[in-house]
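[1] Would you be able to build a 3D model of this:
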Amino acid sequence: MFDKLTEKITDAFRFVSGKSAITEKNIDDAVEAIKMALLEADVNLRVVRRFVNSTIEEAKGEKVLRSVDPGQQFIKIVHDKLVSFLGDTEKGSTGRSVQELQLKGPDAVSVILMMGLQGSGKTTSAAKLALRLKKEGRKPLLVACDLIRPAAIEQLSLLAGQTGVPVYKEDGASDPVKVYRAALDWAKKNLADTLIVDTTGRLQIDEPMMAELTRLKETAKPDEILLVADAMTGQSAVDIAKAFDEKIGLTGVVLTKLDSDTRGGAALSLKTVTGKPLKFVGTGEKPDDFEPFYPERAAGRILGMGDVVTLVEKAQEVIDQKEAEALQKKIEKETLTMEDWLDQLRAVKKMGSLKSMLSMIPGMAGQIDEEDIDKADLKNQEAILSSMTRKERANHLIIGPSRRARIARGSGTSVAEVARLIKKFEKMRGMMKKMAKMGKGGNFPQGF
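    Residues are numbered from 1 along each chain as shown. Just a heads-up that it's a prediction; the model follows:
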């Protein structure tokens with residue numbers, strides 16, 4: 001996400017970074033480089049002009065030119081401008097950030113209408129949002145109101161099964177408003193508190209679609225109207241959002257395929273052009289690859305500052321606090337087993353791709369290519385560990401020559417690879433014990 005933009009903007013900071021004093025020419029050069037980076041990222045031209053003009057105006061102020069560290073001050077200005085253009089953090093009528101869903105309490109039924117053109121990822125995003133709300137303690141119900149697209153109901157049913165969320169559907173139905181009303185009755189009887197309605201989608205915006213969506217909106221009186229747009233389409237996604245907002249009225253946007261969009265122009269243009277916040281982004285194909293969009297965190301990632309908060313949140317989703325404490329004690333006592341190692345490998349996989357996690361670490365964005373990550377080695381490690389018996393993983397010392405040969409056959413690897421993994425585990429366990437002790441005593445070696 002934003003890899004190329006990050007690379008070019010951080011490169012632009014060379015004009016101002018590390019200087020005891022900066023001049024108007026330094027600022028002009030840096031802003032010009034940032035302008036080119038934004039244009040190459042397919043950011044809307046009007047947005048680029050506003051960004052450049054406001055940055056120059058603030059950066060050429062006396063406070064920056066004479067500050068103790070003018071380079072850092074300039075970077076902060078760019079960061080704050082990015083946050084503003086990505087969506088800012090203003091509060092809605094409920095006192096919550098406009099990026100958050102404005103839903104009713106659990107004692108009333110909230111309604112979310114999901115809109116979008118065919119191929120945007122609307123149905124998949126509806127299921128991903130349902131899973132996210134379920135994890136947050138809500139009781140969502142998916143409603144199949146896309147009655148035009150062939151197999152739309154079947155797709156939603158399949159996704160609902162994968163996420164463990166109920167779906168209301170009527171095979172052969174032709175009126176989405178009737179389906180919605182019946183779904184609302186079902187929700188009230190079965191104590192569902194959030195209806196996520198998958199509405200009709202067509203290949204392009206047309207009057208029949210807009211008329212149907214308007215009818216559904218007037219009947220449902222939704223708490224949220226979210227447009228799902230494909231980030232790969234660049235400025236077309238922004239134009240589509242603008243058209244939907246003018247005809248229907250949106251409360252927010254969901255951008256899909258942001259993991260594949262190396263430019264990110266749509267994300268940077270949406271708020272300024274449409275006035276509507278970007279609320280969620282799709283970052284992969286798995287049901288969990290769906291994240292709330294936080295402007296400040298995104299700005300940090302664009303500027304190569306990382307996003308440690310999101311990384312920690314992802315870790316907390318897959319790692320139980322009590323399990324983490326138990327693991328810490330095992331490390332300190334050097335009783336960590338290969339069973340624990342396998343559990344950790346699987347937990348890391350649940351957090352998403354290694355590349356996306358590395359991009360959240362300050363200074364790592366764009367530094368490691370996908371090809372540099374040895375995925376085959378990680379798969380081999382998991383295969384070898386999975387081919388061991390529980391007894392072997394609990395006590396690796398019993399793994400002799402015959403057991404190594406069996407494990408190698410079962411994992412499709414060699415005896416030498418099995419031996420290397422065992423040796424690597426022993427070395428890692430010793431190092432982790434030393435680090436745990438130093439961390440407790442607070443006496444890390446100098447320069448660590």
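[2] do you know how far the residue nearest to Lys35 when sequence neighbours are not counted is from Glu32?
    Leaving aside its sequence neighbours, Lys35 sits nearest to Val52 (CB to CB, 6 or more residues apart in numbering; 5.0 Å). All C-beta atoms are positioned from the backbone trio N, CA, C, and that covers glycine. Val52 sits 8 Å away from Glu32, taking CB to CB, to the nearest Å as the criterion.
[3] burial of the residue nearest to Lys35, as a residue count?
    Around Val52 sit 16 other residues, with neighbours defined as other CB atoms under 10 Å.
[4] what helix or strand does it sit in?
    In this assignment (DSSP states H and E), Val52 forms part of helix 45-59.
[5] Over to Asp377?
    Using DSSP H and E, Asp377 sits within helix 375-387.
[6] pLDDT of that helix, averaged?
    Helix 375-387 carries an average pLDDT of 83.
[7] Tell me which residue lies nearest the centroid of the chain.
    Taking CA atoms, centre = their mean, the centroid of the chain lies closest to Glu291, which sits 3.8 Å from it.
[8] Pretty sure that one sits in a strand.
    Yes: read with DSSP: H, G, I helix; E, B strand; the rest coil, Glu291 is one of the residues of a strand.
[9] Bridge partners for it, pull those for me.
    Per DSSP bridges, the residues bridged to Glu291 are Val281.
[10] Tell me how many other residues surround Phe85.
    For Phe85, using other CB under 10 Å, the count is 23.
[11] element containing it?
    Under the criterion of DSSP H and E, Phe85 resides in helix 70-86.
[12] just how off-centre is that helix within its chain?
    Centroid separation for helix 70-86 versus its chain: 22 Å, with CA atoms, centre = their mean, to the nearest Å.
[13] Please enumerate the strands of the stretch 251-400 of the chain.
    252-256, 278-282, 290-292 (DSSP state E, counting those that start in this stretch).
[14] Tell me where the stretch 51-200 of the chain has strands.
    Under DSSP E, counting those that start in this stretch, the stretch 51-200 of the chain gives strands at 110-115, 140-144, 167-168, 194-198.
[15] which secondary element of this protein has the worst mean pLDDT?
    In the chain, the helix or strand scored least confidently by mean pLDDT, DSSP states H and E is helix 308-318, which has a mean of 53.
[16] Scan this protein for its longest helix.
    Taking DSSP state H as the criterion, the chain has its longest helix at helix 415-441.
[17] Kindly spell out which helices and strands sit in contact with that one.
    Helix 415-441 is packed against helix 321-333, helix 375-387, helix 401-411, with contacts defined by 3 or more CB pairs under 8 Å, 6 or more residues apart in numbering; DSSP states H and E.
[18] which parts of the shortest one are buried?
    When burial is assessed from 16 or more other CB atoms under 10 Å, helix 401-411 yields the following buried residues: Arg403, Arg404, Arg406, Ile407, Ala408, Ser411.
[19] do the same with the second one
    If you call a residue buried by 16+ other CB under 10 Å, then helix 375-387 has these buried ones: Asn380, Gln381, Glu382, Ile384, Leu385, Ser387.
[20] ok, back up a step: how about the residue nearest to Lys35, what does it touch?
    Val31, Ile34, Lys35 (CB atoms under 8 Å, 6 or more residues apart in numbering).
[21] Narrow the residues you listed to those in helices?
    Val31, Ile34, Lys35.
[22] Using the record's assignment, carve the chain into domains.
    3-86, 110-295, 312-441 (automatic domain parsing).
[23] Now do the end-to-end distance for the first one.
    If I follow you right, that is domain 3-86. 16 Å (CA to CA, to the nearest Å).
[24] mean confidence for that domain?
    pLDDT averaged over domain 3-86 gives 84.
[25] what do you get for the second one?
    Domain 110-295 carries an average pLDDT of 90.
[26] Throw the helices and strands packed on helix 415-441 into JSON lines and include distance to Tyr168, thanks.
    Listed next are these as JSON lines, based on distance: least, CB to CB, whole Å:
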{"stretch": "helix 321-333", "distance to Tyr168": "36"}
{"stretch": "helix 375-387", "distance to Tyr168": "39"}
{"stretch": "helix 401-411", "distance to Tyr168": "45"}
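[27] Select, out of those helices, the one closest to Asn395.
    helix 401-411 (11.3 Å; CB to CB).
[28] what does the closest one contact?
    Contacts for helix 401-411 (CB under 8 Å, 6+ apart): 380, 383-384, 386-388, 392, 399, 414-415, 417-419.
[29] Please export the C-alpha coordinates of stretch 259-274 as CSV.
    Output of stretch 259-274 as CSV, limited to C-alpha atoms (Å, rounded to 0.1, in the frame of the first residue of the first chain):
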residue,chain,number,x,y,z
ASP,A,259,-3.1,-4.0,-1.4
SER,A,260,-2.7,-4.1,-5.2
ASP,A,261,-2.8,-0.4,-5.9
THR,A,262,0.8,0.8,-5.8
ARG,A,263,-0.2,4.4,-6.5
GLY,A,264,-3.0,5.2,-4.0
GLY,A,265,-4.4,8.2,-5.8
ALA,A,266,-8.0,7.4,-5.1
ALA,A,267,-7.4,7.2,-1.3
LEU,A,268,-5.7,10.6,-1.4
SER,A,269,-8.4,12.3,-3.5
LEU,A,270,-11.7,10.9,-2.2
LYS,A,271,-12.2,13.2,0.9
THR,A,272,-11.3,16.4,-0.9
VAL,A,273,-13.3,15.7,-4.0
THR,A,274,-16.4,14.1,-2.5
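[30] Kind regards, and thank you for your time.
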